[in-house]
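Q: Return a 3D structure for these sequence lines:
(one chain, ligands or ions: 1)
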Amino acid sequence: MFVPLCFYSYCTRIPHKGYIIMAAKAKKTKYIFITGGVLSSLGKGITSASLGLLLKERGLSVTIMKFDPYINVDPGTMNPYQHGEVYVTDDGAETDLDLGHYERFVQAPVTRQNSVSTGQIYFEVIQRERQGKYLGKTVQVVPHITDEIKRRMTTYDKKFDVVLIELGGTVGDIESMPFLEAARQLGLELGRTNALFIHLTYVPFIKSAGEVKTKPTQHSVRMLMEYGIQPDILVCRCEEELEKDVKNKIALFCNVEEDSVVLALDAETIYEVPILYAKAKLDDAVVRKLNIQRTSKPTLTEWSKFVQRVKKPKNQVTIGFVGKYVQLQDAYKSILEALSHAGAVNNTRVHVKYIDSEKITSHEEAVAALADTHGIIVAPGFGSRGIEGKIWAIQHVRENGIPFFGICLGMQCAVIEFARNVCGLANANSGEFKKVKNNVIDLMPDQRGVTNKGGTMRLGSYPCVLKEGTKAFESYKSQIIRERHRHRYEFNNEFREELESNGLVISGVSPDARLVEMIELPNHPWFVGCQFHPEFKSVAVGGHPLFVHFIGASLAHQGKS
Ligand code: GLN
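A: Numbers count the residues shown, from 1 in each chain. A predicted model of the protein is given here:
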């Protein structure tokens, strides 16, 4: 990989995590806007993340921002059915799951400033209006809302070589109009070689006609042009290779150069997409149009090895995934991706068996549901639905030496199960579900009296001190770690002594030892719970130590069973 000499001077290497940009020197920032047309779910997030990776591999410093058109301030208050997973950043923002892809692919620093919603924009403008800052003017979408959008789009100006801006929604949606208008204005202000518009569109293959159709793309580009935006590059999602004459037709009708029509072929895994885009010369077109010089084609050496292991691993293991949104895999996006990263490290395909915790109401049902699994994950979550099923499942794996990994609520359920079935605290429960004498999990003191919902949990990255000689320590190989949190409840210290004296090991605590962050069982092949969300820090190449060791233990269990 070619790396400009000055590159390392503003980067620091984090073991297994690549280079993290620290204080970038002032630079001329290039902007890339990514819009979507025809329909949703074409992969704008993966396209942004993939292009980010390709540009980073060319030695450029990159960050990716997402602008979402909804009025919610952030997705933190939305139901997983509405929005999928809420992704948490180091600085404690509750954001769109696409930010997870950005971090997993690019390992670029992502903060709360990378995730912007219409709600945030209006909130800011209305507050300013109340403070009288508009000096008696009528406050309008143009220019006041669009100015605030532009201010946020340029947050990272001069700090990165390239800022990619993904605009949520589909062109033509009423909601996203102010974002498009702001992008248009900014494009004009920045000038041709400093701003680039990439439009992701759909080219369907129509079976009965036996050919692909370009009309939806033509319409979508026309709509974009109605907003005053002429796309520079068209990325065409299609299940077939695009013939040269089809590409030429799209170029002609959409007023782009022929080599700016780039195919986005369906891929076997999302991690193959950067490789396919490199082959389709997307990054070549980008650097050429933005007049970015002195970079060379990315090699993607480590990335390609990782993709090979994802596609053709030697082993296979089945992990039972016990949660309540099992019909909606987007709800647990980062966990599923972390499993696939850890699978690659272990040269193993991780087959996930989804188990609806609400359907487990007895020991027998737990045994039946967990049959053929070599390890289980008990998912994070909120509310009492499905809790007892999780506890039945945990009892079964604890008693039968099946690897267990409990994440956040999953750890809390493990503590409840241990209290009930090992310590004999029959009615043990979490204060979140039932106020009882033995609330072994209870509200954190600083959460008492909090009534506002948005952004009020214990959120973001906190340090944790690991106990030597534990599986946690063995996995991380480090005494101090930092992981991200999103919860209101915690292990109740009043029960610490009793649970420890019955054999529960507290393997990770906050630096002041007040908060229990990790638990495990010593006489079990792998029974580990964490109050934080390790899945948010799992990166594609290398994975996350807890997931890697959990999959390793599940493989070992498979060998025995
Ligand atoms: N509902 C639990 C709490 O608030 C767990 C949250 C989670 O799993 N993210 O503490």
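
Q: center of the protein, which residue is that?
A: By Cα atoms, centre = their mean, the chain has its centre lying nearest to G100, at 1.9 Å.

Q: Now for that residue: which residues touch it?
A: Shown here is G100, whose contacts under the criterion Cβ atoms under 8 Å, 6 or more residues apart in numbering are E85, Y87, K333, S334, E337, F536. (Each C-beta comes from the backbone N, C-alpha and C, glycine too.)

Q: Please report phi then psi for the fifth one.
A: Backbone torsions for E337, taken as degrees, to the nearest 10, come to phi -70, psi -40.

Q: ok, now the third one?
A: According to degrees, to the nearest 10, the main-chain angles of K333 amount to phi -50, psi -50.

Q: Only whichever of the contacts of G100 are buried, select them in ChimeraX.
A: Buried members of these can be picked out in ChimeraX with the line below, counting by 16 or more other Cβ atoms under 10 Å:
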select :85,87,333,334,337,536
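
Q: Show the average pLDDT along stretch 113-127.
A: Stretch 113-127 comes out with an average pLDDT of 97.

Q: Quick check: buried residues in it?
A: Counting neighbours by 16+ other Cβ under 10 Å, stretch 113-127 gives N114, S115, V116, S117, T118, G119, Q120, I121, Y122, V125 as buried.

Q: related to what we said a few turns ago, and the pLDDT at the residue nearest to the centre of the chain?
A: Per the predicted model, pLDDT is 96 at G100.

Q: And I360, by the same measure?
A: Among the per-residue scores, I360 holds a pLDDT of 95.

Q: And for D74?
A: At D74 the predicted local distance difference test score is 84.

Q: Identify the spatial nearest neighbour of it, chain neighbours not counted.
A: In space, D74 comes closest to E94 once its chain neighbours are excluded; the distance is 4.8 Å by Cβ to Cβ, 6 or more residues apart in numbering.

Q: gap between the longest helix along the chain and the chain center?
A: Of all the elements of type helix in the chain, the one with the most residues (DSSP state H) is helix 545-560. Its chain's average C-alpha position is 23 Å from that of helix 545-560, according to Cα atoms, centre = their mean, to the nearest Å.

Q: Quick check: which helices or strands does that helix pack against?
A: Where contact means 3 or more Cβ pairs under 8 Å, 6 or more residues apart in numbering; DSSP states H and E, helix 545-560 is packed against strand 315-323, helix 333-345, strand 348-356, strand 375-378, strand 404-407, helix 471-476, strand 527-530.

Q: right, so of the ones you listed, which gets closest to R309?
A: Distances from R309 to each of these were compared using Cβ to Cβ; the minimum, 4.2 Å, belongs to helix 333-345.

Q: Can you tell me which residue of the stretch 251-400 of the chain sits closest to the ligand?
A: Residue nearest to the ligand within the stretch 251-400 of the chain: P380 (3.0 Å; Cβ to the nearest ligand atom).

Q: burial count for that residue?
A: When counting by other Cβ atoms under 10 Å, one arrives at 23 neighbours for P380.

Q: The one 10 residues further on too?
A: For K390, the number of neighbouring residues by other Cβ under 10 Å comes to 29.

Q: quick one, what contacts it?
A: For K390, the residues meeting the contact criterion (Cβ under 8 Å, 6+ apart) are V322, S357, I360, V378, L409, G410, C413.

Q: Output the below-cut-off pLDDT ranges for the stretch 1-150 of the chain.
A: The model of the stretch 1-150 of the chain has pLDDT under 70 over residues 1-26, 109.

Q: ranges for the strands of it?
A: 11-14, 18-21, 30-36, 62-68, 87-88, 94-95, 115-117 (DSSP state E, counting those that start in this stretch).

Q: who does the fifth one touch, helix- and strand-wise?
A: Looking back up the chat, that one is strand 87-88. Strand 87-88 makes packing contacts with strand 94-95, helix 98-106, strand 480-487 when contacts are defined by 3+ Cβ pairs under 8 Å, 6+ apart.

Q: How about residues contacting it?
A: If you take Cβ under 8 Å, 6+ apart as the criterion, strand 87-88 is touched by 94-100, 333-334, 459-460, 484-486, 533, 536.

Q: next one: stretch 296-303
A: Contacts of stretch 296-303 with the rest of the structure, by Cβ under 8 Å, 6+ apart, involve 1-2, 53-54, 57-58, 271, 274-275, 278, 283-284, 540-541.

Q: TSV for those residues, including distance to L224 and neighbour count?
A: TSV is the format used below for the contacts of stretch 296-303 (distance: Cβ to Cβ, whole Å; neighbours: other Cβ atoms under 10 Å):
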residue	distance to L224	neighbour count
M1	34	13
F2	34	13
L53	25	29
L54	23	26
E57	29	25
R58	27	24
Y271	29	27
P274	25	29
I275	28	18
A278	26	22
D283	22	24
D284	23	15
A540	31	26
V541	35	19
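
Q: Just the ones of those residues in helices?
A: When the contacts of stretch 296-303 are checked against helices using DSSP H, the ones located there are L53, L54, E57, P274, I275, A278, D283, D284.

Q: give the contact list for the residue nearest to the residue of the stretch 251-400 of the chain closest to the ligand when sequence neighbours are not counted.
A: Closest residue to P380 apart from its sequence neighbours, by Cβ to Cβ, 6+ apart: C408 at 3.8 Å. C408 sits next to P380, G381, H485, R486, H487, C530, Q531, F532, H533 when contact means Cβ under 8 Å, 6+ apart.

Q: The third one reaches F536, doesn't it?
A: Think H485. No. Taking contact to mean Cβ atoms under 8 Å, the distance of 9.6 Å between H485 and F536 leaves them out of contact.

Q: quick one: K453 from S430, how far?
A: In this structure, K453 lies at 19 Å from S430, with Cβ to Cβ, to the nearest Å as the measure.

Q: more neighbours, the two?
A: It is S430, of K453 and S430, that has more neighbours when counted by other Cβ under 10 Å, with 23 against 9.
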